[in-house]
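Undergrad: How does the following fold in three dimensions:
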Amino acid sequence: MRTLFMLLADACQVIIFAVTAYQIFISLAGFRRKADTGRKHAPNRTFAILVAAHNEEKVIGPLLDNLNRLDYPKDLYDVFVVADNCTDGTARTAASFGATVMERFDKVRIGKGYAMGWVLERLWQRERQYDAVLVFDADNLVSAGFLREMNDKLSDGHRVIQSYVETKNPYDSWVSLSYAITYWFINRMWQQARHNWGMVSTLAGTGMCFEANLLKEMGWNATSLTEDVEFTARCIEREIYPTWAPDAIVYDEKPVTLASSVRQRLRWMRGHTDCARRFMLPLFVRAMRTRKFALFDAVMYLFQPIRFLFVAAVWVMSYLQLATPLSEQVEVLRLVPDWAWIALNAALFLQFPLVMAIEKRPLKSYLGLILFPVFQFTWFPITLVGLFTFNKKTWNHTVHTRAIRIEDINRP
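TA: Residues are numbered from 1 along each chain as shown. Purely as a prediction, here's the structure:
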C-alpha cells in the first residue's frame, strides 16, 4: 500500500512537471514576432516622466540628457525627478538638466513605491495635467522613439504599457551577462509570447507607462518591495490588462557582482512572495468563476516563486534518478519517467541559446551560457529565503556607477 508520503511525492512531481511544461508551451509563441496591428498616430498625448532617484548623482545625468533629446515634441512632455532621501548631489545634477526636482525626506516610509506615491500626489496638484505617466529608474537610458510608441499604444486604447527591458551593461561581468540572458528570455518567451497569445503582459519596474486617469482612479498604493508586481495584480483585479510595447526600449543597468545580485533578487523574491500571498487566491477564484484564461495565466505569474523551487526540484530529482546507484529502488521518484525529466530539463535550457539566436545577439554573449546555470541555481536559495522572510520590508538600494550614454549603446 502506498504511504501518504509517497502519494504527496507523486502529487508534487505531477505539479512540478505540469507547471514547467505549461510555461514551456506558452513560451513557444515567443519564437515569432507578431506583427503590430496598431495604427501610427501623430504625437498628441502629454507625458509626465517620473524618475525615482536615491543617491544617483553619478548616473542620472546621461538619462536626463537622453530624455531631453527624445524624438517627440518637447512641449508634450516634462521630466520630474524625485530625489528620495538623497545625501549626494542628485537634486543639483537633475536641476542642471532642466528637470523639475522634488526632494523627499522620510526615514520611515523608505523605497521606490513610497516615493512614487508621494510624487504622484504632488503631480495631481499642479496646474498642468498629463495624459500619461512614465516611470524610469535613474540608471536607465531609453530609445529615441520611446514616447512615440507609447503615444500609439495610448491612442489605441491601452491604459497600462510595459516596454522592452534591455541590459545596459551586459559585458561588465558574468553576473550582468547572466541578467542580460535572463531578460532576453523574458522579453521573448514571456512578454512576446503572451502578447502573441493575447494575454496579460507584466510590469517590470521601469519603462512603465500608465494612463493618468487610471492612476487617479486606482491610486498608486503600491508600496511593497516589488511595486511592479503589486500594480500588475491590482490592474488585473480590475480586468485592466497591461500590454507590451516591444519597440519602446529601456536600457537598465544590472548588478556586476554576485553579492549585489543576491541582495537585489532577494528583495524581488520577498516582494513577489508578499504579492502572491495577497493576490493569488482571489485571482484564482475569479479565473475559475469567469473561465478567463488570461486571469489563470496571471495566477501562474504570481506563482513564480514556487515555480522556481519546483524547477530546482526537477534538477534534484533528475540527479537522484539518473546519478545514484539506488535509482531503481527509489520508487517515490518513479511516477514521471526518466526520459520526461531529461526532455523537460533540455527544453528549459535550450530556450536560452535559441532566444539569443533569434534576437541576433553577438557571439561573445554565448560565453555567458557557461556560467549561466550557476546564476540560475542561485535562485533556489534566494527564493527559499524570500518565501520565509517576505515580511521583511527593508529596501536595499542597488548602487549604480556606470555613466553610460545612449550613444555608447549599440543594440545587436
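Undergrad: ok, now which ones touch I161?
TA: Applying C-beta atoms under 8 Å, 6 or more residues apart in numbering, we find I161 in contact with M150, K153, L154, M208, C209, F210, P242, T243, W244, A245, A248. In short, each C-beta sits where N, CA and C put it, glycine included.
Undergrad: Now it: closest residue in space that isn't a chain neighbour?
TA: C209 (4.1 Å; C-beta to C-beta, 6 or more residues apart in numbering).
Undergrad: What are the buried residues along the lengthiest helix in the chain?
TA: Determined from DSSP state H, the single longest helix within the chain is helix 258-290. For helix 258-290, a neighbour-count test (16 or more other C-beta atoms under 10 Å) marks 261-276, 279-280, 283-284, 286-287 as buried.
Undergrad: what packs against the helix or strand harbouring the residue nearest to I161?
TA: C209 belongs to strand 208-211 when assigned by DSSP states H and E. The contact analysis (3 or more C-beta pairs under 8 Å, 6 or more residues apart in numbering; DSSP states H and E) places strand 208-211 against strand 132-137, helix 146-155, strand 160-167.
Undergrad: next structured bit after the first one?
TA: Going down the chain from strand 132-137, the next helix or strand is strand 141-142, by DSSP H and E.
Undergrad: And the strands in the stretch 201-350 of the chain?
TA: Chain-ordered strands for the stretch 201-350 of the chain, with DSSP state E, counting those that start in this stretch as the definition, fall at 208-211, 243-252.
Undergrad: mind checking how far the longest one is from the chain centre?
TA: Centroid displacement of strand 243-252 relative to its chain, using C-alpha atoms, centre = their mean, to the nearest Å, is 11 Å.
Undergrad: Tell me which residues are up against that strand.
TA: With contact meaning C-beta under 8 Å, 6+ apart, strand 243-252 is reached by 33, 36, 136-137, 139-143, 145-146, 149-150, 153, 158, 160-168, 187, 191-192, 194-195, 201, 206-207, 209, 404, 406, 409, 411.
Undergrad: From the residues you listed, list the buried ones, please.
TA: 136-137, 139-143, 145-146, 149-150, 153, 158, 160-168, 187, 191-192, 194-195, 201, 206-207, 209, 404, 406.
Undergrad: roughly how far apart are the residue nearest the centre of the chain and L63?
TA: In the chain, the residue lying closest to the centroid (C-alpha atoms, centre = their mean) is A204, at 3.0 Å. Separation of A204 from L63 (C-beta to C-beta, to the nearest Å) stands at 17 Å.
Undergrad: ok, now A245?
TA: 19 Å.
Undergrad: D131 too?
TA: For D131 relative to L63 (C-beta to C-beta), the value is 22 Å.
Undergrad: So those two - more neighbours on which side?
TA: It is L63, of D131 and L63, that has more neighbours when counted by other C-beta atoms under 10 Å, with 30 against 18.
Undergrad: Hmm, that one is touching D139, no?
TA: Yes. Using C-beta atoms under 8 Å, L63 makes contact with D139 at a distance of 7.2 Å.
Undergrad: What are the boundaries of the strands in the stretch 1-150 of the chain?
TA: Taking DSSP E, counting those that start in this stretch to define them, one finds strands in the stretch 1-150 of the chain at 47-53, 77-84, 100-104, 132-137, 141-142.
Undergrad: will you turn those into CSV that also has distance to L28 and mean pLDDT?
TA: Listed next are those as CSV, based on distance: least, C-beta to C-beta, whole Å; pLDDT from 0 to 100:
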stretch, distance to L28, mean pLDDT
strand 47-53, 35, 95
strand 77-84, 38, 95
strand 100-104, 45, 93
strand 132-137, 31, 96
strand 141-142, 30, 96
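Undergrad: out of these, which comes closest to E217?
TA: strand 132-137 (12.9 Å; C-beta to C-beta).
Undergrad: Pull out the CA atoms of that closest one and give them to me as PDB.
TA: Extracted C-alpha coordinates of strand 132-137, given in PDB (Å, rounded to 0.1, in the frame of the first residue of the first chain):
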ATOM      1  CA  ALA A 132       0.000  59.600 -19.100                       C
ATOM      2  CA  VAL A 133       2.800  59.000 -16.600                       C
ATOM      3  CA  LEU A 134       6.000  57.200 -17.400                       C
ATOM      4  CA  VAL A 135       8.300  55.700 -14.800                       C
ATOM      5  CA  PHE A 136      12.100  55.200 -15.100                       C
ATOM      6  CA  ASP A 137      15.000  54.400 -12.800                       C
END
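Undergrad: Note down every partner strand of it and its orientation.
TA: strand 47-53 (parallel), strand 208-211 (antiparallel) (DSSP bridges).
Undergrad: Give me the nearest residue to L67, chain neighbours excluded.
TA: Nearest non-adjacent residue to L67, counting by C-beta to C-beta, 6+ apart: V79, 5.3 Å away.
Undergrad: Would you format the strands paired with strand 132-137 as JSON lines with distance to M300 included?
TA: Shown next, in JSON lines, are these (distance: least, C-beta to C-beta, whole Å):
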{"stretch": "strand 47-53", "distance to M300": "29"}
{"stretch": "strand 208-211", "distance to M300": "21"}
